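Student: here is my input; please provide its structure:
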Amino acid sequence: MALVASRIVDMQAKVGNLNINGKWTGMKINLRKTVIMKWNVNPGIKIQLEGSDIEEVEKSVYATVTTTGGEGQDISVRPGKAQTVFCNLKDIWRNSQLSINTKFRIFRSSVLAVLLYGCETWRMVKSDELKLNVFLHKCLR
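Tutor: A predicted model of the protein is given here:
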């Protein structure tokens, strides 16, 4: 129980520090857009910002990460989204005026960015790595 309480205190301190440092640089945390997702912590204990409770969620909006995992769903969806970007750039890939170097830089900045969005939260297993590698090799061919 002491470990859980210290995690909540740490989260509260981090949110407070983020708010203070943000204000110092001219930024303000929007409470309507800010949410918190907690793993292995009592959901009854609320994190507050300037006296208001921050909403807790079970699933992230920006990447398919949930309190029970769910990153496998996101890894499965990402190649499809990146494929859409790749296909939208077909005129660039077929342009003989552009060098391979330029095309590769465009690929990294657009397609790869979409493919790997949110990858910091993924728990990679061999099959997921294989899916991503298959997509990459397919595009680079």
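Student: switch to C-alpha atoms for all contacts and neighbour counts from now on
Tutor: Noted.
Student: got the confidence number for Glu71?
Tutor: Glu71 is assigned 57 on the pLDDT scale.
Student: now swap in Asn19 and tell me
Tutor: 87.
Student: need the three-state assignment for it.
Tutor: Asn19 falls in the helix class when you classify it by DSSP: H, G, I helix; E, B strand; the rest coil.
Student: with adjacent residues omitted, what lies nearest to it?
Tutor: Leaving aside its sequence neighbours, Asn19 sits nearest to Ile29 (CA to CA, 6 or more residues apart in numbering; 6.5 Å).
Student: so Met124 belongs to a strand, correct?
Tutor: No - going by three-state DSSP, the assignment for Met124 is coil, not a strand.
Student: Trp24 and Val35: what is the separation?
Tutor: Trp24 is 22 Å from Val35, where distance means CA to CA, to the nearest Å.
Student: what about these two, which has more around it?
Tutor: Taking other CA atoms under 10 Å, Trp24 and Val35 do not tie; Val35 has more neighbours (16 against 10).
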